[in-house]
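Enquirer: fold the following, please.
(2 chains)
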2 protein chains.
Amino acid sequence: MGTAAVAPGTAVAWGGRAADARGADGDVAALLLRCRELVRPALAGAVGRLHPWTGEMAAFSLGWADVDGTPEPGASEGKGVRQALAVLGAEAVGADGRVAVSGAVAVELVHAFSLLHDDIMDGDAMRRQRETVWKAYGTGPAVLAGDALFALAVQCLAEVPGTHTGPAVRRLGETLTDLVRGQADDLCFEERPWTGPDAVRPDAYRVMAEHKTGSLLGCAAALGALLGGAPEATVAALDRAGRHLGVAFQVVDDLLGVWGDPAVTGKPVHSDLRRGKKTYPVLTALAAGTPASLELAGLLEAAPGTLEDPVAAARAAYLAERAGGRDAALREAAHQLSEARRCLHAVPLAPGPSQDLDALLAFLLHRAV
Amino acid sequence: MGTAAVAPGTAVAWGGRAADARGADGDVAALLLRCRELVRPALAGAVGRLHPWTGEMAAFSLGWADVDGTPEPGASEGKGVRQALAVLGAEAVGADGRVAVSGAVAVELVHAFSLLHDDIMDGDAMRRQRETVWKAYGTGPAVLAGDALFALAVQCLAEVPGTHTGPAVRRLGETLTDLVRGQADDLCFEERPWTGPDAVRPDAYRVMAEHKTGSLLGCAAALGALLGGAPEATVAALDRAGRHLGVAFQVVDDLLGVWGDPAVTGKPVHSDLRRGKKTYPVLTALAAGTPASLELAGLLEAAPGTLEDPVAAARAAYLAERAGGRDAALREAAHQLSEARRCLHAVPLAPGPSQDLDALLAFLLHRAV
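Expert: Below you'll find the model as predicted:
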């Protein structure tokens, strides 16, 4: 019932932008590749400074090597969104992208750290079709590897010569605390009830997502602009744009976690529903107070394991859509994307790199189309 | 056999200094208290900025609250050696100790972070007569709490206004990577054999101890001097002094772990021997190549659990002493202390605070006398 209405693969196409974005995907892929290639020598150099053992775990976590340390070029590498935002942040303020490299290295290291520690906290055994670091090397070593990446990020940014170092490290410091705060909220949400006065409200979710995902995306773009010599207002605008992007990104991730095509997401169908994750579409569906909301709440609050039944999970997905959760999430993602664009348009940016930034934003939010 | 010769309580008295140090202990206690009181408002303010959940775990780890968050003033608080070194570092270069407060906060937060994560990696369930954070709150939350303290340390130091921020954060960044590198070495040592070409040599141990313990002590004193406006040569000298102190401190810790009085150390007699820990006295005893070294190696390489037998553990302690391990460790601690003093005497420092630093050094190395 209702599964045809939530066919996987169409979940995050909205408005007329899907086709445009698809047309530009090749350009964005080339853009991401260019930024990865620009940053790679410095990133590899930084990782090469680590203790051999933590360096091996870091290379594994970055998708550069398998669990035995054998090089595995690009096999499970991330897209490098954060380093691209840093490079584009510098280019958008008229600087050479190379000035942003130390910032790009720092945000990629922080991202790798956060994935590594979050996987421990969330108990996730798989990431990008491979074992996670704690699963492959043990929890203690994974804690250490995360710490090493975290420390290296601070060191790499702090040792940049020039007058921008102080403000750059200040931004990174704030971002680090925001990031940890977002993860703390996310973990706390798991313990909260689905309904009643202690239920997680959509606005609290947005704050969590801004901290957990947006702060580092914002920091990446802001560091690029800052290292490129931009005035504070421009740096702040890029930071805000990244924060909006982060919320949009997290909401799209949630849409994929409920309605995404397993062939695209690499996760089982309805995976977030079955795990009882507090996702934006489900939270907004519950907050709507419709009959479908009430029935959905009943399913979510039923005995553990209820949603392991595929029929029950499909019913929950149907109810979440029926109560408006899917539409609300799509609207929220579109709204956050538009806010991100508004931030970018409010300050003077170089036209070419600014269009690149725009294309990158759209690309990130059409991942499953 | 031999236990009378290694009576607990006398292990780390060397030369004629024990009595002098004992006489000065009251002064040092007052000094530590003064520094804790100076730093406390800023440290409490920083911890108060954390997410409530990570803040609760941080307060527990700092000994300020019990596991339910109920305030427990001073019950299990540390001595605050690192904050004292920061304050004295500033005073020794003629500045007001208050200029060092942000540095003192940062090093105390880093210390709390490192204890918290090290306890996870080492599987230690108790610290300062209480459960460790991972034991009390779970591993995932403890990882998060450590990350929060780490991030907060960077943020607190980075947001200090003034021209010293860049160099200060640079020092902290280097220290963080040294700290993690030392912990990585320490964990790797556990997997190494007691004898043969892959055995841990005393010089490798010293490098590990300098990173694991010395780097943060050195950073504390150096940050104080740096924030106090000292020239680079003075800052570097204080850093080196702290690093020597750290090696001495770790060696004394090892002496206590083998021969320390359980009533003083809070650990079972011969605890490090029974756990098969690679301690400096045991490593130097093995490296001596005497008949006692060979017999000691045999005991250490025997079936797991062999040293759980108190007679075997006492025999191992006797052999380690017989092979010169205890004397070598006492000499090494004295040498490192003297090197620390040499660093302090090589640069111009204010006489009063310089004497305070000296007294603090001696106090730290006479913990069990």
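Enquirer: quick one: stretch A:120-137 to chain centroid distance?
Expert: The chain centroid and the centroid of stretch A:120-137 are separated by 17 Å, computed with Cα atoms, centre = their mean, to the nearest Å.
Enquirer: report pLDDT for residue A:230.
Expert: Here the pLDDT value assigned to residue A:230 is 98.
Enquirer: secondary structure class for it?
Expert: coil (DSSP: H, G, I helix; E, B strand; the rest coil).
Enquirer: distance-wise, check the residue nearest to residue A:229 when sequence neighbours are not counted relative to chain B.
Expert: Counting by Cβ to Cβ, 6 or more residues apart in numbering or on different chains, residue A:95 is the residue found nearest to residue A:229 once chain neighbours are left out, at 6.1 Å. Glycine gets a C-beta too; all of them are placed from N, C-alpha and C. Between residue A:95 and chain B the distance is 20 Å, computed by Cβ to the nearest Cβ, to the nearest Å.
Enquirer: now for residue A:162, how many residues are close by?
Expert: When neighbours are counted by other Cβ atoms under 10 Å in any protein chain shown, residue A:162 registers 12.
Enquirer: tell me the contacts of residue A:49?
Expert: A:55, A:152, B:177 (Cβ atoms under 8 Å, 6 or more residues apart in numbering or on different chains).
Enquirer: recalculate using a threshold of 10 Å.
Expert: Contacts for residue A:49 (Cβ atoms under 10 Å, 6 or more residues apart in numbering or on different chains) come out as A:55, A:148, A:152, A:155-156, B:177, B:181.
Enquirer: centroid-wise, who is the farthest residue in chain A?
Expert: residue A:291 (32.9 Å; Cα atoms, centre = their mean).
Enquirer: wait, what's in contact with that residue?
Expert: For residue A:291, the contacting residues are A:319, A:322-323, by Cβ under 10 Å, 6+ apart.
Enquirer: and the gap between it and residue B:340?
Expert: Counting by Cβ to Cβ, to the nearest Å, the separation of residue A:291 from residue B:340 is 74 Å.
Enquirer: tell me how far residue A:38 lies from chain B.
Expert: Distance, residue A:38 to chain B, using Cβ to the nearest Cβ: 23 Å.
Enquirer: that residue: which element?
Expert: Per DSSP states H and E: residue A:38 is located in helix A:17-48.
Enquirer: so after that helix, what's the next helix or strand?
Expert: Next helix or strand after helix A:17-48 toward the C-terminus (DSSP H and E): helix A:52-61.
Enquirer: now that next one: buried residues?
Expert: Neighbour-count burial for helix A:52-61, counted by 16 or more other Cβ atoms under 10 Å in any protein chain shown, picks out A:53-61.
Enquirer: angle of that helix against helix A:17-48?
Expert: 170 degrees (axes from the mean of the first three to the mean of the last three Cα atoms, to 10 degrees).
Enquirer: immediately after helix A:52-61, which helix or strand?
Expert: Helix A:52-61 is succeeded, C-terminally, by helix A:81-92 (DSSP H and E).
Enquirer: that next one and chain B, are they touching?
Expert: No: figure legend: helix A:81-92 not in contact with chain B (Cβ under 10 Å from any Cβ of the partner chain); closest approach 16.9 Å.
Enquirer: that older thread, mind listing what's buried in the helix holding residue A:38?
Expert: The neighbour-count check on helix A:17-48 (16+ other Cβ under 10 Å) flags A:21, A:24, A:28, A:31-32, A:35-36, A:38-40, A:42-43, A:46-47 as buried.
Enquirer: quick one: name whatever helix or strand follows the one helix or strand residue A:292 maps to.
Expert: Here residue A:292, judged by DSSP H and E, is contained in helix A:291-300. Going down the chain from helix A:291-300, the next helix or strand is helix A:310-322, by DSSP H and E.
Enquirer: show me what that next one packs onto, helices and strands only.
Expert: When contacts are defined as 3 or more Cβ pairs under 10 Å, 6 or more residues apart in numbering or on different chains; DSSP states H and E, helix A:310-322 sits against helix A:232-259, helix A:271-274, helix A:280-287, helix A:291-300, helix A:325-345.
Enquirer: angle of it against helix A:325-345?
Expert: Taking the same axes, to 10 degrees, one finds helix A:310-322 and helix A:325-345 inclined to each other by 50 degrees.
Enquirer: the inter-axis angle of helix A:310-322 versus helix A:280-287?
Expert: 70 degrees.
Enquirer: now helix A:310-322: buried residues?
Expert: In helix A:310-322, counting by 16+ other Cβ under 10 Å, buried: A:312-322.
Enquirer: again, but for stretch A:61-77
Expert: Result for stretch A:61-77 [16+ other Cβ under 10 Å]: buried residues A:61-65, A:72, A:76.
Enquirer: correct me, but residue A:315 touches residue A:302?
Expert: No: assessed by Cβ atoms under 10 Å, residue A:315 is found out of contact with residue A:302, at 11.2 Å.
Enquirer: poorly predicted segments of the stretch 101-250 of chain A, please.
Expert: Scanning the stretch 101-250 of chain A for pLDDT under 70 picks out no residues.
Enquirer: could you pull out the helices for it?
Expert: A:101-122, A:133-137, A:139-158, A:165-191, A:202-209, A:215-227, A:232-259 (DSSP state H, counting those that start in this stretch).
Enquirer: contacts for the second one, please.
Expert: Counting contacts by Cβ under 10 Å, 6+ apart, the residues outside helix A:133-137 that touch it are A:53, A:56-58, A:60-61, A:66-68, A:112, A:115-117, A:119-121, A:123-127, A:130-131, A:139-146, B:139, B:143.
Enquirer: give me the buried entries from those.
Expert: Buried residues within these, counting neighbours by 16+ other Cβ under 10 Å: A:53, A:56-58, A:60-61, A:112, A:115-117, A:119-121, A:127, A:130, A:139-146, B:139, B:143.
Enquirer: what distance separates stretch A:214-234 from the middle of the whole chain?
Expert: The answer for stretch A:214-234 is 17 Å, by Cα atoms, centre = their mean.
Enquirer: got it, and stretch A:166-177?
Expert: Relative to its chain's centre, stretch A:166-177 lies at 19 Å (Cα atoms, centre = their mean).
Enquirer: so what's the residue count around residue A:81?
Expert: By other Cβ under 10 Å, the residues close to residue A:81 number 21.
Enquirer: my bad, should have said residue A:294
Expert: A count of nearby residues for residue A:294, using other Cβ under 10 Å, gives 14.
Enquirer: swap in residue A:135?
Expert: So residue A:135, with other Cβ under 10 Å, has 18 neighbours.
Enquirer: picking up where we left off before, and the contacts of residue A:49, which two are furthest apart?
Expert: A:156 and B:181 (15.0 Å; Cβ to Cβ).
Enquirer: how about the contacts made by the residue most central in space within chain A?
Expert: In chain A, the centroid-proximal residue (Cα atoms, centre = their mean) is residue A:213; its distance is 4.9 Å. Contacts for residue A:213 (Cβ under 10 Å, 6+ apart) come out as A:114, A:179, A:182, A:186, A:242-243, A:245-251, A:253.
Enquirer: OK, contacts around the closest residue to it other than its chain neighbours?
Expert: Excluding its sequence neighbours, the residue lying closest to residue A:213 (Cβ to Cβ, 6+ apart) is residue A:246, at 3.8 Å. Contacts for residue A:246 (Cβ under 10 Å, 6+ apart) come out as A:182, A:209-218, A:336, A:340, A:364.
Enquirer: repeat the analysis, applying 6 Å as the threshold.
Expert: A:213-214, A:217 (Cβ atoms under 6 Å, 6 or more residues apart in numbering or on different chains).
Enquirer: and the residues you listed as a markdown table, adding distance to residue B:281?
Expert: Converted to a markdown table, the contacts of residue A:246 look like this (distance: Cβ to Cβ, whole Å):
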| residue | distance to residue B:281 |
| --- | --- |
| A:213 | 50 |
| A:214 | 52 |
| A:217 | 51 |
